[in-house]
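In: need a 3D model of the following:
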Amino acid sequence: MKKLLIVIVAFVFASCNQTKIAYIDIEVLMKDYEATKTLEIQIKEKQEKMTKELDSIAMPFKLKVQQYYQKAQNMSAQKRAQIEQALQQEQQIIQAQQQQASQVLQQENQENYKSITKKVDSLVESYAKSNGYQLIFGTSGKGTVMYGDEALNVTKDVLKVLNSEFSK
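Out: Numbering: from 1, shown residues only. Here you go, the predicted model:
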């Protein structure tokens, strides 16, 4: 009898101590998060500005190349070789500048997205603790969570909190 009572008490206690679980659709969250939208606008503006700057550097080079081709037939082989070498060096410098600018922009973007990800992770942790969740999954579409009851999807709730904090 005592053993049966202990088993029943243990079963009742175990069933009362259920884990509260939810999931967040990361794609939706990041797409609709205002900080991400703002970052994407900033990235686009920087890319356009960088493109204009690089085009302003490349335009005189293109003119030099056009002038070379117009005059090349009347030049000696030695003069052509000399100009071609100078043009090739200038092209390499321009390509190096383009590559460096691209790398700088890419690094900035990675750092900014990393910052956003840290913010999201921190807020999800806070959200989970304040709402009694022991576990929140992150999913991309239906990739990680093959099925989840929509009642367990807290993406919209977390997104509201993120966007309200961002607007502050």
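
In: mind listing what the residue positioned nearest the centre of the chain touches?
Out: Nearest to the centroid of the C-alpha atoms of the chain, with distances taken as Cα atoms, centre = their mean, sits residue 113, at 4.6 Å. Neighbour list for residue 113: residue 39 [criterion: Cβ atoms under 8 Å, 6 or more residues apart in numbering]. The C-beta positions use only the backbone N, C-alpha and C, and glycine is treated the same way.

In: and it, which helix or strand is it part of?
Out: helix 77-130 (DSSP states H and E).

In: after that helix, next one along is what?
Out: If you walk from helix 77-130 toward the C-terminus, the next helix or strand you reach (DSSP H and E) is strand 135-139.

In: and that following strand, how far from the chain's centre?
Out: In terms of Cα atoms, centre = their mean, to the nearest Å, the centre of strand 135-139 is found 19 Å from the chain centre.

In: ok, that strand: who's next to it in the sheet?
Out: If you go by DSSP bridges, strand 135-139 pairs up with strand 21-25 (parallel).

In: where does this structure have low pLDDT?
Out: 1-17, 141-149 (pLDDT under 70).
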